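Visitor: make a model of this:
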Amino acid sequence: MKKILVIGASGLVGSRFVELAKSKLSIIPVDENILDITNKESVDKFFKENEFDSVLNFAAITNVDGAEKERGDENGFTWKLNVIGPKNLAEACKVNNKQSLASKSPGKFLVQISTDFVFRGTENEAGPYAEDTTLPEDNNGIGWYGWTKNRAEARIRESGVRNAVVRIAYPFYGSKFEQKLDFAKNYLKVFDNGKLFPIFTDQTFTPLNIDDFVESMVKILNEEIEGTFHIVSSDTATPFDFVEYLLNKTRNVSGVVQKGSMIEFLKTVGRTPRPRLGGLKTEITEKRLGMKFKTWREMVDDFANKQ
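Guide: Got it, this is the predicted structure:
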């Protein structure tokens, strides 16, 4: 059984992955209290003292508006965790280790979790994006969170390490996570509290039920499949359609969602740039992995069945 170092194992996505994948992989879960990936010496020391085949990195600052407060600051913690951390991991995987325990290839295999926020999502550069779409090389129209994830992908590829970049978006799942609400549960909370706000009809995205993430990831890790992968719903949604369907399935109500506009929302000075016409295509990933991904409605159905 492959031994996997899972970084960011206490987060929303990482903790669920560990819970569901522990019967399929030998997992070493760590968080920032055990391994500080922003510290190169700490990373090198940990790699020298522990044995594992591959590294799966979930660790990141994902608060989009919070990250924007550090825009342009490469000494800020968002840049350090989201860019320097993956760079340190890539370098350690490549040069600071014995041969992989379960592979004839040198070094460790690194899997970096990324996002569609690495793209602009504008009319001129609209998604959904294919796995082989070229990354933007400047951050015009990209939030600081998205730009740091963009640069992390670039740093990993530049390092020459054996790697896979796995992009996900808008994760949710049926089980409970104590630290924060996921994408779907946040909408349910504001609805239950009578505070549901107008929902965008002019944004496109591809959400992910985290439970549908595990099988694909296990295959990538077990077979050490290199490349860029998109693990999300097989079709796009608008937030308005998503919330309407979610409330119908979980609260048995319909026609209660008011329409909103992301174009108008982003006109307000100080708003964080984020993809409006975003989303990720999955055809290349599905073909390479020999899998068929669920639609977003099917993912919501599974979510609703666990409420």
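Visitor: assess the claim that Ser233 and Asp301 are in contact.
Guide: No. Using C-beta atoms under 8 Å as the test, Ser233 is too far from Asp301 to be in contact (11.8 Å). Quick note: C-beta positions are derived from backbone N, CA and C, even for glycine.
Visitor: neighbour-wise, which of those two wins?
Guide: Ser233 (27 against 14; other C-beta atoms under 10 Å).
Visitor: can you pull out the helices in the stretch 101-250 of the chain?
Guide: With DSSP state H, counting those that start in this stretch as the criterion, the stretch 101-250 of the chain has helices at 144-159, 183-192, 214-223, 239-251.
Visitor: got the angle between the second one and helix 239-251?
Guide: Spelled out, that is helix 183-192. 70 degrees (axes from the mean of the first three to the mean of the last three C-alpha atoms, to 10 degrees).
Visitor: could you dump helix 183-192 to PDB, C-alpha only?
Guide: Only the C-alpha atoms of helix 183-192 are listed here, as PDB (Å, rounded to 0.1, in the frame of the first residue of the first chain):
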ATOM      1  CA  PHE A 183     -20.100  26.000   0.000                       C
ATOM      2  CA  ALA A 184     -23.500  24.300   0.200                       C
ATOM      3  CA  LYS A 185     -24.000  24.400   4.000                       C
ATOM      4  CA  ASN A 186     -23.300  28.100   4.000                       C
ATOM      5  CA  TYR A 187     -26.300  28.700   1.700                       C
ATOM      6  CA  LEU A 188     -28.500  26.500   3.800                       C
ATOM      7  CA  LYS A 189     -27.500  28.400   7.000                       C
ATOM      8  CA  VAL A 190     -28.300  31.800   5.600                       C
ATOM      9  CA  PHE A 191     -31.600  30.400   4.200                       C
ATOM     10  CA  ASP A 192     -32.500  28.800   7.500                       C
END
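Visitor: quick one: buried residues of it?
Guide: 183-185, 187-188, 191 (16 or more other C-beta atoms under 10 Å).
Visitor: for that helix, which outside residues touch it?
Guide: Contact partners of helix 183-192, identified using C-beta atoms under 8 Å, 6 or more residues apart in numbering, comprise 170-172, 181, 196-197, 207, 243, 246-247, 250-251, 256, 300, 303.
Visitor: what about the strands in the stretch 1-150 of the chain?
Guide: With DSSP state E, counting those that start in this stretch, the ranges of strands along the stretch 1-150 of the chain come out as 3-7, 26-30, 54-57, 109-115.
Visitor: would you reformat these as TSV and include mean neighbour count and distance to Cys93?
Guide: Listed next are the strands of the stretch 1-150 of the chain as TSV, based on neighbours: other C-beta atoms under 10 Å; distance: least, C-beta to C-beta, whole Å:
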stretch	mean neighbour count	distance to Cys93
strand 3-7	24	10
strand 26-30	19	14
strand 54-57	26	6
strand 109-115	26	5
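Visitor: for the ones you listed, give me TSV that also has distance to Ile142.
Guide: Formatted as TSV, the strands of the stretch 1-150 of the chain follow (distance: least, C-beta to C-beta, whole Å):
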stretch	distance to Ile142
strand 3-7	24
strand 26-30	30
strand 54-57	21
strand 109-115	11
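Visitor: pLDDT weak spots in the stretch 51-200 of the chain?
Guide: Along the stretch 51-200 of the chain, segments meeting pLDDT under 70 span 96-106.
Visitor: got the angle for the helix or strand hosting Phe303 vs helix 183-192?
Guide: Phe303 belongs to helix 296-305 when elements are defined using DSSP states H and E. With the same axes, to 10 degrees applied, the angle from helix 296-305 to helix 183-192 works out at 60 degrees.
Visitor: turn the helices of the stretch 101-250 of the chain into a markdown table, columns for distance to Lys80.
Guide: Shown next, in a markdown table, are the helices of the stretch 101-250 of the chain (distance: least, C-beta to C-beta, whole Å):
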| stretch | distance to Lys80 |
| --- | --- |
| helix 144-159 | 9 |
| helix 183-192 | 26 |
| helix 214-223 | 25 |
| helix 239-251 | 31 |
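Visitor: hmm, back to that, and of the buried residues of helix 183-192, the nearest to Asp36?
Guide: Phe183 (28.3 Å; C-beta to C-beta).
Visitor: and that closest one, how far from Asn209?
Guide: Distance, Phe183 to Asn209, using C-beta to C-beta, to the nearest Å: 10 Å.
Visitor: if anything else comes up later, I'll come back, but that's it for now.
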